[in-house]
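Asker: return atomic coordinates for the entry below.
(2 chains)
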Amino acid sequence: MLRFLLPRVAQSLLVVFGVLIIVFLMLHLVPGDPAQVLFGDAPVPKEQVEAVRHALGLDLPLHVQLERYVRRTLAGDLGRSLKTNRPVAGDLARAIPLTAELAVAAMLLAIAGGVVFGITSATSHNTWLDSGVSTVALLGISFPTFWTGLLLIWIFSIKLEWFPITGQHSLRHLVLPAITLGWYAGAIIARLVRSGMLEVLRQDYVRTARAKGVTEPRVLVWHALRNALIPVITVAGIQFGTLLGGTVVVETVFARDGVGRMLVLAILQKDFPSVQGAVLILALAYTFSNLIADLSYGFIDPRIHYT
Amino acid sequence: MALVQSHLSPNRPRERRAIALLGRLSPGALAGLVVFLVLCVPLIAPTWLAPYDPTAVSPNEIFQPPSFHHWLGTDQFGRDMLSRLISGTHVSMSLGVVSVSLSVLISLPLGIASGYYRGALDSVLMRLMDVVMAFPGILLALIIISILGPGLANAMIAVGIGEAPAYTRVVRSAALGVREQSYIEAARAIGAHDTRILWRYVLPNIIQPLIVISSVGFAVAIVIGSSLGFLGLGAQPPTAEWGTMVSEGRTYLRSQWWISAFPGATIGVSVLALNILGDALRDVLDPRLRRSV
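Answerer: Below is the predicted model of the structure:
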């Protein structure tokens, strides 16, 4: 186990280091002078630009700057916002719980919905229920999240008045954004569970289980689902990344002050330290979730040997 | 004369293959193909079908619901929604074409170099891809937009570069598979050099998976491109683009639903059509990947 664990963790650390380098380089890739970029479009006296260049170490060689950036980031210092002059780390600390809450709720909904609808679809193979589930899944995959979000707002907030349109401080505020965000991942998982179950239900051990009189729910959950779930975990890990990216759009639609919305506003306001901080957090969260998904296989399926 | 006749004869192998290919498409895939072809009309002739000027403001006609004169209604500036939607189709489809082409142009040399030559180059490129792919979904495109600045052209570049790693992986794995084939060994044995092998044997065998990922990638590009537009980071007003149109209609969702609804539905239907078409292409071009159930 450890023989697999260590290289996989090492690989993730390598990715994290690469992410740090890319985020660091972002500022330097903007056409023009990095010190001027930090002032945005505002006309600033030359001395002030020079002062900032010196204060932030932008006049040092690139590798020295990178080393300082990595050190500062590891110490939790992500610089200050150019718009509010508040520490970016503090802004992120306020935004992260909102995004985490949304992403986790969406993922749980996606997994629960995906598994339930996938099983329903597989057990009623080739019936109207099966095609109904497939259609809903296909819609979830095809329609852009910003539009499904607006559609849900129109139906459930404006017409039915069941849920608030925007806001972020209660469970009721979380329902529509979580459905919007989780729909896509749920659709992918439902398709996967469906085809996995159809495959597994044909296996000899399922027939044996039925023959020895095991009840149908127990056959489905204990014998079939366990085996159909393995690919779902890989996909759930990947989908969690897409979902984190999706928070950018969903938080904008529902006006939630999470990391995604912070990122969009920062790009629009050319607030570079905030852009870097938000990008860093989302990429780290994705790398971490992938690592967890990879490591979890061994616990779910003991047949998988790590090499 | 005989030559001309054989040229005109419907039995040309290429035509026959095309017809056979169409015959193997499912009704859903055919519908997808039809939708795609319809979308291609504004792509080629953006003003041809539009009844009005998509940017012409008419203060007397604001917020008109769908009617005989304005089939899809008008927006907050009295602009004809149908004309804007057609113009937006041109913009969004162009975004798809440009960004997919960019992804292909980036991924082809990188993927072939990585998969065919292997070695240190492959390791370095794949580790780099690991890092780049740590920025999920739309995030890579957002990074590029934050560097280049908002705008339609930059959105095309951002989507093209942002999706290139996924293409590169597909090209690489195809090249890896081809590399081990005996016909490559045979070509090498008769003294063909790398340029010839790559051009004659490797490239043709990579084209099919590339076509499949491009058709799915086209749908992804449209979704990401319109998301950027929706966020205000892609096409800028008054350019009609599907995402920006949905965004403009947001404020009026309560009473003037049609401003957001039609462009959003258009994105959905287009992406659905492209996805179905992509699935069908995959089944036809690469039966090994066909879903077992």
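
Asker: longest helix in chain A, please.
Answerer: Secondary structure of chain A per DSSP state H: the longest helix is helix A:88-123.

Asker: which residues does the next helix or strand after that one contact?
Answerer: Later in the chain than helix A:88-123, the nearest helix or strand by DSSP states H and E is helix A:128-142. Here helix A:128-142 makes contact (CB atoms under 8 Å, 6 or more residues apart in numbering or on different chains) with A:117-118, A:120-122, A:124, A:148, A:183-184, A:186-188, A:190-191, A:194, B:219, B:268-269, B:271-272, B:275. The C-beta positions use only the backbone N, C-alpha and C, and glycine is treated the same way.

Asker: also stretch B:36-43?
Answerer: Residues from elsewhere that reach stretch B:36-43, judged by CB under 8 Å, 6+ apart: B:48-49, B:86-87, B:89-90, B:93-94, B:97, B:270, B:273-274, B:277.

Asker: residue closest to the middle of chain B?
Answerer: Among the residues of chain B, residue B:218 comes closest to the average C-alpha position under CA atoms, centre = their mean, at 1.8 Å.

Asker: so that one makes contact with residue B:98?
Answerer: No: at 10.9 Å, residue B:218 and residue B:98 do not qualify as touching, with contact defined as CB atoms under 8 Å.

Asker: report how many residues lie close to residue B:43.
Answerer: Residues near residue B:43, counting by other CB atoms under 10 Å in any protein chain shown, number 15.

Asker: burial of residue B:270, as a residue count?
Answerer: The number of residues packed near residue B:270 is 26, by other CB under 10 Å.

Asker: residues in contact with it?
Answerer: Taking CB under 8 Å, 6+ apart, one finds B:35, B:36, B:39, B:92, B:219, B:222 in contact with residue B:270.

Asker: same check, this time on residue A:158
Answerer: Contacts for residue A:158 (CB under 8 Å, 6+ apart) come out as A:165, B:253, B:254.

Asker: helix/strand/coil for the first one?
Answerer: For residue A:165, the secondary structure call by DSSP: H, G, I helix; E, B strand; the rest coil comes out as coil.

Asker: how far away is it from chain B?
Answerer: Residue A:165 sits at a distance of 9 Å from chain B (criterion: CB to the nearest CB, to the nearest Å).

Asker: who's in contact with that residue?
Answerer: Going by CB under 8 Å, 6+ apart, residue A:165 touches A:153, A:157, A:158, A:254.

Asker: for the second one, same thing?
Answerer: With contact set as CB under 8 Å, 6+ apart, residue B:253 has these partners: A:150, A:153, A:154, A:158, B:260.

Asker: just the pLDDT at the third one, thanks.
Answerer: It stands for residue A:154. On pLDDT, residue A:154 comes in at 88.

Asker: and the gap between it and chain B?
Answerer: In this view, residue A:154 and chain B are 6 Å apart by CB to the nearest CB.

Asker: okay, and the residue in the stretch 201-307 of chain A positioned nearest to chain B sits in which element?
Answerer: Using CB to the nearest CB, the closest approach of the stretch 201-307 of chain A to chain B is made by residue A:245 at 2.6 Å. Element membership of residue A:245, judged by DSSP H and E, is helix A:230-253.

Asker: sorry, back to before: between the contacts of residue A:165, which has the most around it?
Answerer: Neighbour counts for these were taken using other CB under 10 Å; the highest belongs to residue A:254, which has 27 neighbours.

Asker: how about that one, phi and psi?
Answerer: Phi and psi for residue A:254, reported as degrees, to the nearest 10, are phi -100, psi 10.

Asker: give me the spatial nearest neighbour of it, chain neighbours excluded.
Answerer: Excluding the flanking residues, the one nearest residue A:254 by CB to CB, 6 or more residues apart in numbering or on different chains is residue A:177, at 4.5 Å.

Asker: with that, I have no additional questions.
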